[in-house]
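In: based on what follows, work out the 3D shape:
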Amino acid sequence: MTTDLVRATIDSIGGTLVRLELLKQAESVESTEHVVLFDSSPTRLYLAETGLVPPQGGGGLPNHHTPMRIVPGERSLASGANELKVVLESEAVGGVKLGTAGQLIVALAPAALMVGAVVSCTVIT
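Out: Below is the predicted model:
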């Protein structure tokens, strides 16, 4: 997912947000590297995972390890738009199908850049 301000990578295994990069923010004054908020690399692990957590001792529900299908749609922010949404769906696991919608919401205020990565889950039975 790419906007003018951020680039995000979502893994289809579990719909996990594995990388979120701020395209207009440098790591330091001397650096050309972008600030990275979420990362799954050998040196850092900071993720946003989705899925259902069954009751203690339960199992068999879609979770952050369940393969998801990415629903066709936009992957880059359209001109004039202020929201980008990517939808993923799981196959039924234990009679439950999970739909995940990942949204990047970006706002630019006079003194700050605010980025929200919103992941919501919907149970489709």
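In: just want the most central residue of this structure.
Out: residue 17 (3.5 Å; CA atoms, centre = their mean).
In: thought that residue was touching residue 37?
Out: No: contact status for residue 17 versus residue 37: not in contact, 9.5 Å apart, counting by CB atoms under 8 Å. Yep, even glycine has a C-beta here, placed from its N, CA and C like the rest.
In: and for the residue lying closest to the residue nearest to the centre of the chain once chain neighbours are set aside, the neighbour number?
Out: Leaving aside its sequence neighbours, residue 17 sits nearest to residue 48 (CB to CB, 6 or more residues apart in numbering; 3.9 Å). Other residues lying near residue 48 total 18 when counted by other CB atoms under 10 Å.
In: run through this structure and note the low-pLDDT ranges.
Out: Low-confidence segments of the chain (pLDDT under 70): 56-59, 100-125.
In: do that again at 50, thanks
Out: 103-117 (pLDDT under 50).
In: which stretches of it form strands?
Out: Counting by DSSP state E, one finds strands in the chain at the ranges 6-11, 16-26, 34-40, 45-46, 68-70, 83-90, 97-108, 113-124.
In: so what strands line up beside the fifth one?
Out: Going back to what we said before, that points to strand 68-70. strand 83-90 (antiparallel) (DSSP bridges).
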